[in-house]
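S.K.: please find the sequence and the predicted model below.
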Amino acid sequence: MKCDKCGVEVPSEEKFEHSGQTLCEDCYLDIVTIPKTCDPWAVHSAKKTTLISDGLTAEQEEILDLIKRNGPLTAEEICTKLSINSNELQRNFATLRHMELARGFKKGNQVYYTLFNDPQEGS
């Protein structure tokens, strides 16, 4: 069997069904575990973890460094510059938001991502 989303071969005992699709484990988890950026308990937990260790993955550090160097950026700009997809950005950005290192804001109809304490844009 093949995953309907990514096309990888999936043994029948390792397939997942979701909304009429046959999925591999990775694609299934991408769909059902979408992180929420506004989650007070996650913020509390992330801040506690930050006190113990840095806790950032290489991809999260790249996102944060890109925002530091280039100012507020759209999701499309971040994805293009780092060669990642929007799911990877959202998953990693949620962690940065929970750690209060980065945040999003809306300007007109566009969402931008910036440093958490960026004084240039309203909170």
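M.R.: Yes, it's here. Numbering: from 1, shown residues only.

S.K.: every contact and neighbour count from this point should use C-alpha atoms.
M.R.: Noted.

S.K.: least confident secondary structure element in the chain?
M.R.: Across the helices and strands of the chain, mean pLDDT, DSSP states H and E gives its lowest value to helix 40-52, namely a mean of 54.

S.K.: next secondary structure after it?
M.R.: Once the chain leaves helix 40-52, the next helix or strand it forms, by DSSP states H and E, is helix 58-70.

S.K.: dump that following helix to PDB, restricted to CA.
M.R.: Extracted C-alpha coordinates of helix 58-70, given in PDB (Å, rounded to 0.1, in the frame of the first residue of the first chain):
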ATOM      1  CA  ALA A  58      18.400  23.000  15.000                       C
ATOM      2  CA  GLU A  59      15.400  23.900  12.800                       C
ATOM      3  CA  GLN A  60      13.900  26.100  15.600                       C
ATOM      4  CA  GLU A  61      17.300  27.900  16.000                       C
ATOM      5  CA  GLU A  62      17.400  28.500  12.200                       C
ATOM      6  CA  ILE A  63      13.900  30.000  12.300                       C
ATOM      7  CA  LEU A  64      14.700  32.200  15.200                       C
ATOM      8  CA  ASP A  65      18.100  33.300  13.600                       C
ATOM      9  CA  LEU A  66      16.300  34.100  10.300                       C
ATOM     10  CA  ILE A  67      13.800  36.300  12.100                       C
ATOM     11  CA  LYS A  68      16.500  38.000  14.100                       C
ATOM     12  CA  ARG A  69      18.500  38.800  11.000                       C
ATOM     13  CA  ASN A  70      15.600  39.800   8.700                       C
END
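
S.K.: residues of it that come out buried?
M.R.: 60, 63-64, 66-67 (16 or more other C-alpha atoms under 10 Å).
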